[in-house]
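Peer 1: Need a 3D model of the following:
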Amino acid sequence: MSQPIDPRSALIGTWELLAVQFESADNGERQDLFGPTPHGRLVLTDAGDFMTVIVSGDRPPTRDVARLFETMMAYAGKFDLDGDKITISCDLSWHPDWVGTKQVRFFKLDGEKLYLRSSKQTHPRHPGKLGYGVIDWRRES
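Peer 2: Have a look, this model is predicted:
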């Protein structure tokens, strides 16, 4: 008889970004937040560290700081698990409003893929509009 998989152990590692989208709570419509080919990495450690960096795949070389800010997302902190919920105590973020907050995500593991979904919230790129962040990953290591 096989042992049940420990979700914490299964999450530990490095993950490569496949897609990042905003799903509207109104109609379920999804929009790519960082274009059709974003780049990113998610790292979860056995010590409880969570760190992610995501950038647009078509990010042009520029000195336009506002444009650079709009084409990336990054945050880090300690994480805890409760069932299918991962809570990140955010202590570092590209967006200052997230520092000191608890970022809640719901996860599903399917083989070498990890699917993250936020609770209903606004996103800095969609102020005033409620929806879900949906981020798909593939295991790197």
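Peer 1: The longest strand that the chain contains - what's its average pLDDT?
Peer 2: The longest strand of the chain (DSSP state E) is strand 126-139. Strand 126-139 comes out with an average pLDDT of 91.
Peer 1: Next, the buried residues of it.
Peer 2: Residues of strand 126-139 classed as buried by neighbour count (16 or more other Cβ atoms under 10 Å): G131, Y132, G133, V134, I135, D136, W137, R139. In this view, the C-beta of every residue, glycine as well, is placed from N, C-alpha and C.
Peer 1: Likewise for stretch 93-103?
Peer 2: Residues of stretch 93-103 classed as buried: S93, W94, H95, W98, Q103 (neighbour count, 16+ other Cβ under 10 Å).
Peer 1: Can I get it in CSV? Just the C-alpha atoms.
Peer 2: The C-alpha coordinates for stretch 93-103 follow below in CSV (Å, rounded to 0.1, in the frame of the first residue of the first chain):
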residue,chain,number,x,y,z
SER,A,93,7.3,42.7,-2.6
TRP,A,94,7.5,44.7,-5.9
HIS,A,95,4.3,46.3,-4.8
PRO,A,96,4.6,48.1,-1.4
ASP,A,97,0.9,47.5,-0.6
TRP,A,98,1.6,43.8,-0.3
VAL,A,99,4.4,44.1,2.4
GLY,A,100,3.1,43.0,5.8
THR,A,101,0.0,41.2,4.3
LYS,A,102,-0.9,37.6,4.1
GLN,A,103,-1.2,36.5,0.5
